[in-house]
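Undergrad: How does the following fold in three dimensions:
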Amino acid sequence: MSAHFDIVIVGSGAGGASLAQRLAPTGKSILILERGEHLPREAENWDSRAVFIEHRYRTTDRWYDKNGHPFTPNSYYWVGGNTTFYGAALMRLRKGDFEETQHAGGVSPAWPIRLSDLAPYYDEAERLWQVHGQRGDDPTENGDEPPYAYPAVHHDPGVAELKGHWEAQGWKPFSLPLGVKLDQDHPVTSTCIKCKTCGGYPCLLRAKCDARTLAIEPILNATNVTLLPGRKAMRLETDPTGRNVTEVVCQTEHGEERWSGDIVVVAAGAANTAALLLQSASAAHPNGLANGSDQVGRNYMFHTLTAMVSLTARAAQVEFPKTLAVNDFYWRDPRGGFDKPMGHIQLLEYMSGQTLEGQVSDWLPPALVPSALANAAAARMLSMLVISEDLPLPDNRVRVTPDGRLHLDYEHNNLEGHERLVKTLAESLAGFVDQAHPISQHHFQLDSLLPLYGTAHQSGTVRFGAEPQSSVLDPWCKAHELDNLYVVDTSFFVSSAQVNPTLTTVANAMRVGDHLIERLGAKVAAA
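TA: Okay, here's the model as predicted:
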């Protein structure tokens, strides 16, 4: 096998896989380097004990917080990346998310592109990833989006009751857009069966629309695409001028490997992409590759997240609850009194008793949680997630120590709107549930429930922008300081917005893919 390719892509998650899929029809030689292996298709895929208590698929890497305390990130290194385990919520950023926005805790900066630049790619990504939804019900929609190609997922009875409860309060709950291979008119032959093992699990039926099933597997047999798992990129080396990446140096079980490409694209995840660039310091780039602006690793964001766990006296009629969302408070409190963004609410996946045991296992051994009690609680529980924007701060950053340890220096911010929304949600449940309890996910500390969400939705560490002094990438996601280096994971985000980032990552990778097709003078073969 030749060690040189037209395009080398580091990482096979949403960004890397979507870019490879976009470029595959050109016939250009493409190499995808993935640190993980192919996820085994086995009964444990749907085993809550294996997934949540034994952490069968989660990384064993140790990262370190700002105080030097170690923790295990809630990350998964397999072909397809973290999307194999995500909850399949696929939402567009809103028009205002691309513009400068004043929050209670500071300013969310403008992006160098606008919604109109991504809109056609959002349209295409929603069709490709089989997003099920209903236009017109979300009050924050732009209004010119085409109808979803797939109908919204039906609400279970317990969720339908909650929807009516919120509507009686004047709220406008809407169907959460979900990427699942679901045929509701023909349930006998539908790939998706709306089971209790979706978010947090790899899908045994491959019914979840993720990077593995939607982007990687369809191109594996292409003669110009090579996927090499078990290759962890350790550093990028450049020519003496520092303008071109010449080699990607990988660690494998057999030793070091080196690969080269005319174009090199990094899509290893916001923390790991930043770490890779920092570890690639050289005489031409003494502060880290592409880091003349000193922005590599800075502006780390992950959504401010609080789970609201509600208990009812009787068992809830819910098996697939993650079908409902609320955006009434996305930009302000419509009741008055607070004119800054608050956030987004969506229902979470079904949680079994063992799921609950696993979520607290880092600080409370599962043996101390009676299974009967956990199962009884799960049967009477609805879980909701409040997502608010985490603002980009220069001192919230990824660092790599000389011995190769990855540190996340992080202080949470912009909490006022989030805390108001958590309180509003709790108050809204009065009369619907017997009790509600918020579980906050604010800190990188050992006493937090980090495994519940932890490093989910990370972004911003290699942000793009028009000015090289304040950004790492240009608006096409090419490094300002290099001629052949691109980044297409969530690292490029300027702000975190208030919704799940996957659809935006896919759409942007398609956009960058079209740019590269033009740059390379390639032609796309007819389908």
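Undergrad: hey, let's count contacts and neighbours off CA atoms from now on
TA: Fine.
Undergrad: Surely Glu126 is within a helix?
TA: Yes - the assignment for Glu126 by DSSP: H, G, I helix; E, B strand; the rest coil puts it in a helix.
Undergrad: and it, how far is that from Glu54?
TA: 34 Å (Cα to Cα, to the nearest Å).
Undergrad: Which one's more surrounded, those two?
TA: Neighbours were counted for Glu126 and for Glu54 using other Cα atoms under 10 Å; Glu126 has more, 24 against 13.
Undergrad: Verify the stated contact: Arg332 with Met342.
TA: Yes - at 6.1 Å, Arg332 counts as touching Met342 under the criterion of Cα atoms under 8 Å.
Undergrad: With neighbour numbers in mind, choose between those two.
TA: Under the criterion of other Cα under 10 Å, the comparison of Arg332 against Met342 puts Met342 first, with 30 against 19.
Undergrad: which secondary structure element contains the spatially closest residue to that one that is not a sequence neighbour?
TA: Spatial nearest neighbour of Met342, excluding adjacent residues (Cα to Cα, 6 or more residues apart in numbering): Gly417 at 4.2 Å. Assigned by DSSP states H and E, Gly417 falls within helix 415-428.
Undergrad: and if you look at Thr504?
TA: helix 502-519.
Undergrad: how about the helices in the stretch 351-500 of the chain?
TA: Taking DSSP state H, counting those that start in this stretch as the test, the helices found in the stretch 351-500 of the chain are 353-359, 371-379, 415-428.
Undergrad: and the last one, what other elements does it pack with?
TA: In terms of contacts (3 or more Cα pairs under 8 Å, 6 or more residues apart in numbering; DSSP states H and E), helix 415-428 is packed against strand 304-311, strand 381-388, strand 435-441.
Undergrad: for the protein, which strand is longest?
TA: strand 255-266 (DSSP state E).
Undergrad: I'd like the average pLDDT over that one.
TA: Per-residue pLDDT over strand 255-266 has a mean of 97.
Undergrad: any idea of the angle it forms with helix 502-519?
TA: Interaxial angle, strand 255-266 versus helix 502-519 (axes from the mean of the first three to the mean of the last three Cα atoms, to 10 degrees): 90 degrees.
Undergrad: Just want the most central residue of the chain.
TA: In the chain, the C-alpha nearest the mean C-alpha coordinate belongs to His457, at 4.3 Å (Cα atoms, centre = their mean).
Undergrad: ok, that residue to Thr83 distance?
TA: Distance from His457 to Thr83, by Cα to Cα: 11 Å.
Undergrad: now Ala430
TA: Where Thr83 is concerned, Ala430 sits at a distance of 35 Å (Cα to Cα).
Undergrad: how about the longest strand of the chain: buried residues?
TA: 258-266 (16 or more other Cα atoms under 10 Å).
Undergrad: Mind listing residues that contact that strand?
TA: With Cα atoms under 8 Å, 6 or more residues apart in numbering as the test, strand 255-266 has contacts from 3-11, 16, 245-251, 273, 484-489.
Undergrad: The residues you listed in strands, which ones?
TA: Per DSSP E, the contacts of strand 255-266 map to strands at 4-10, 245-251, 485-487.
Undergrad: The residues you listed, buried ones only, as a PyMOL selection?
TA: A single PyMOL command selects the buried members of the ones in strands among the contacts of strand 255-266 (16+ other Cα under 10 Å):
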select buried, resi 4+5+6+7+8+9+10+245+246+247+248+249+250+251+485+486+487
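Undergrad: which stretches of the protein have low pLDDT?
TA: Where the chain drops to pLDDT under 70, the residues are 1, 311-316, 352-380, 434-455, 526-527.
Undergrad: let's see 80
TA: Counting by pLDDT under 80, the chain has low-confidence residues at 1-2, 309-317, 350-382, 433-456, 525-527.
Undergrad: Which phi and psi values does the residue in the chain sticking out farthest from the centre adopt?
TA: In the chain, counting by Cα atoms, centre = their mean, Pro240 sits farthest out from the average C-alpha position, at 35.7 Å. Dihedral angles of Pro240 (phi, psi; degrees, to the nearest 10) stand at phi -60, psi -30.
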